[in-house]
Every structure is written in structure tokens, then in C-alpha cells.
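Undergrad: sequence plus the predicted model coming up.
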Amino acid sequence: MAITSYTQEFTTPISPSRMFKALILDSHNFMPKIVPQGIKSIEFLHGDGGAGSIKQTNFAEGGHLKYLKHRIDALDSENLVCKYTLIEGDVVFDKIEFVAYEVKFEASSDGACVCKMTSEYHTKANAELKEEDIKQGKDKAMGLYKVVEEYLLANPNVYA
């Protein structure tokens with residue numbers, strides 16, 4: 001099994017705590033509301049959102065994915081850090097055993113937020129992961145962050 005790691009970072013004028021609440025703590029309610037054309041629902045299959053919980057994201061009809069399951073490995077609300085693992089999905093697991101993520105929301109010097117995400121792709125034996133496969137997932141994640149940023153900018157009282 002090979003491990004391929006990627007790191008990405010973006011800056012947003014939204015405070016770290018608001019981004020953390022929207023993308024991590026309340027994503028199961030928030031994401032289907034602001035992107036119903038992409039995400040049909042997010043439900044907890046096990047647990048209440050803390051470490052050990054299993055969360056399933058169900059995508060809207062017509063997309064290339066039907067669902068993904070994540071296990072929350074660590075949740076640090078004080079330091080705005082979440083570690084989770086993609087453990088199941090209907091398309092991505094032909095080459096991948098699992099993907100481990102760590103997301104951190106840090107304050108920048110001007111009060112904005114720097115979001116840092118590290119992804120570790122654990123591939124199956126003899127499987128080759130192509131850059132374009134990973135780029136597609138990274139681009140979708142960045143697009144989602146931008147939608148959240150735009151919504152929170154337009155609605156300054158949400159998660160304030």
C-alpha cells in the first residue's frame with residue numbers, strides 16, 4: 001500500500017470559528033441547505049458528531065457519486081481542528097483503501113482565516129493514483145469552501 005499526501009491552503013475573510021462551525025460542526029444541516037443541487041443529505045449513522053462518529057453524505061441525483069462515508073477520528077473545537085477518514089464510497093474505492101484528512105482553521109494576522117487541509121491517500125497494492133483523479137476532488141472541495149464563504153459573507157449573523 002502506497003501513501004500519497006497532498007496539502008492545500010486557502011484564505012478567507014470569514015473568521016475561523018464561523019468556517020469551523022459551517023464546514024465541520026454543523027455541516028450535516030448547513031451543506032444540504034446551501035448546495036441542495038449537489039448534496040441531498042448528510043446523516044450520522046453512528047454517534048453524534050464527535051470522535052468515532054460515522055457520517056454519510058448522500059449526493060443529489062445525476063452526480064458521479066451517490067454517497068461517501070466518513071469516520072470522525074478527532075474533533076478539537078477549541079483549536080478548530082478535525083481529523084476524519086473517508087472509509088466508503090460508491091466510486092472511489094477501486095484504487096483506494098481509505099483517505100485520511102486533517103483540516104485546520106487558523107486566524108491570520110488581519111482576523112481572517114487560513115484553512116489548511118492535508119489529505120493522505122492510502123492506495124491498494126499495485127494501484128496507481130493519477131494526479132487528475134486527486135485534482136478533481138481537490139477542485140470540488142475548494143468550490144465548496146467558496147460557496148460557504150460566499151454564503152457566510154452574505155449572511156454575517158449565521159454562526160456568529
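TA: That came through fine.
Undergrad: how close does the most far-flung residue of the chain relative to its centre get to Val114?
TA: Largest separation from the mean C-alpha position in the chain: Asn126, at 27.1 Å (CA atoms, centre = their mean). Note on Asn126: its distance to Val114, by CB to CB, to the nearest Å, is 37 Å. Where you see a C-beta, it was placed from the backbone N, CA and C, and this is true even at glycine.
Undergrad: just the strands in this structure please.
TA: With DSSP state E as the criterion, the chain has strands at 3-12, 39-46, 54-59, 67-76, 81-89, 96-107, 113-123.
Undergrad: what comes up buried for the last one?
TA: Right, the one you point to is strand 113-123. Applying a neighbour-count criterion of 16 or more other CB atoms under 10 Å, one finds 113-115, 117, 119, 121-123 buried in strand 113-123.
Undergrad: and the closest residue to Val148 other than its chain neighbours, how far from Leu144?
TA: Of all residues not flanking Val148 in the chain, Ala22 sits nearest, at 5.2 Å (CB to CB, 6 or more residues apart in numbering). Separation of Ala22 from Leu144 (CB to CB) stands at 10 Å.
Undergrad: those two: which has the busier surroundings?
TA: Ala22 (22 against 17; other CB atoms under 10 Å).
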